[in-house]
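>>> Build me a structure from this.
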Amino acid sequence: MKFELFLLVLLCLLKFHVDCKWGPVREDWFASDTANEIETRRPQRYMADPPDHTKLIPMARYTLHNADWASIATVSVQPAIVGFPFSNVKSIADGYIANSTGIPYFYMSPLDFTAKDLAKNSRATVLVSLEETRYCESQKWDPEDPRCTRLMLTGIMKKVKEGTPEYTFAKGGLFERHPAMANFPPDHDWFVAKLKIAQIAMVDYFGGAKYISVKDYLAYNYTEIDTTLSGIKH
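Here you go, the predicted structure:
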């Protein structure tokens, strides 16, 4: 305690900008300045503002491409909840950062809840939110606010055949977005999967859900990708 008081007096004499009121030494002297500095350095994850809410397909493609993870709903095979809906979080990419396909790709292990469910029933719904980009936060919108876009893709999950151009493309996009995947345990039999989309529903403004043509969604050229180079078949 004597040392702490001595240090406080010394700091005051040296004209440091600290609180010189007598009392217990504060551990948070510089906390506010540090917190502000960290907050200033915290990057925004979206490159540009999202499209206008009336532009449904650009908004859908923007929301998926700028999402790093998705909530994926499956039909459970866990003994205690067989047949119940079950949701899990999975890392996601729809191609390279510069090359968007609109197709959600996943890096999965057969040991995971989701992969076990899909092995029995391949139907799934994938949900991504504009909140992931922090844009909603910047607008002070709650994640449940209709203006904070929610995109729900429903379809059949399929394994991407290893060694194909699409496999190379999809795995490359996943590893670019999620570098930690390169260090995942090698004995977990990882594979690449994709969702073959059957329905696209989106909430991006007041007035209820909108439904988007899968064909038009996939045909939209979001990042000038040449799908013939990646061997992608929708």
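>>> The strand ranked longest in the chain: partners in the sheet, and parallel or antiparallel?
Of all the elements of type strand in the chain, the one with the most residues (DSSP state E) is strand 191-203. Strand pairing for strand 191-203, determined by DSSP bridges: strand 99-108 (antiparallel), strand 150-159 (antiparallel), strand 210-212 (antiparallel).
>>> Kindly compare burial across the ones you listed and name the winner.
Scoring the strands paired with strand 191-203 by mean neighbour count under mean count of other Cβ atoms under 10 Å gives strand 99-108 as the most buried, with a mean of 23. For glycine as for every other residue, the C-beta is placed from the backbone atoms N, C-alpha and C.
>>> In terms of secondary structure, what does whichever strand or helix holds Lys90 contact?
Under the criterion DSSP states H and E, the helix or strand holding Lys90 is strand 85-91. Applying 3 or more Cβ pairs under 8 Å, 6 or more residues apart in numbering; DSSP states H and E, one finds that strand 85-91 contacts strand 69-75, strand 99-108, helix 113-120.
>>> go with 10 Å
Contact here means 3 or more Cβ pairs under 10 Å, 6 or more residues apart in numbering; DSSP states H and E; on that basis strand 85-91 packs against strand 69-75, strand 99-108, helix 113-120, strand 123-129.
>>> Just put these in JSON lines and tack on distance to Lys158 and mean pLDDT.
Output for these, formatted as JSON lines (distance: least, Cβ to Cβ, whole Å; pLDDT from 0 to 100):
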{"stretch": "strand 69-75", "distance to Lys158": "14", "mean pLDDT": "98"}
{"stretch": "strand 99-108", "distance to Lys158": "10", "mean pLDDT": "96"}
{"stretch": "helix 113-120", "distance to Lys158": "9", "mean pLDDT": "98"}
{"stretch": "strand 123-129", "distance to Lys158": "10", "mean pLDDT": "98"}
